[in-house]
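Chemist: Sequence and predicted structure, then a few things I'm wondering about:
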Amino acid sequence: QVHLVESGGGLVQPGGSLRLSCAASGFTFNNYYMSWVRQAPGKGPEWVSSINTGGAFPKYAESVKGRFIISRDNTENRLYLHMVSLKPEDTALYYCVRAPLRCSGYTCPDDEYDARGQGTQVTVSS
């Protein structure tokens, strides 16, 4: 059974930083591309970032490029999102998601996924 558990969210002031973590289990983690998506109150889901199986070719939404870094540890089955220079508009519930195997090579829409965690809340406010 696929299990994704996010952690690391919280309340931070504008300009601050956070590191989100996602613990994966129930599947062969290093076979799958992984992503972060977020959903702000009253808005639809927004793709944030993706990473390939080896971790060398990440992708970012324009809204977070230069501020967020996605990474993964295939020995620990963990996905990370390091966020700096946070803005109030980054406030959202952040989800760790798994891309389907057929999406390897970034062949699917960035926001396509077949498994999702329960989310961790990030609130950026003074």
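Modeler: Thanks, I have the structure now. Model, not experiment: these values are computed from the prediction.
Chemist: didn't Q121 look like it was pressed against G9?
Modeler: Yes. Counting by CB atoms under 8 Å, G9 is a contact partner of Q121 at 4.7 Å. The way it works is simple: take the backbone N, C-alpha and C, and place the C-beta from them, glycine included.
Chemist: Can you pull the residues that touch both of the two?
Modeler: Y94 (CB atoms under 8 Å, 6 or more residues apart in numbering).
Chemist: Show the model's pLDDT score for the residue nearest the centre of the chain.
Modeler: Nearest to the mean C-alpha position of the chain, counting by CA atoms, centre = their mean, stands W36 at 2.1 Å. What the model reports for W36 is a pLDDT of 98.
Chemist: just T107 next, same as before
Modeler: Residue-level pLDDT assigned to T107 equals 86.
Chemist: Quick check: it vs L79, distance?
Modeler: Noted for T107: a distance of 20 Å to L79, by CB to CB, to the nearest Å.
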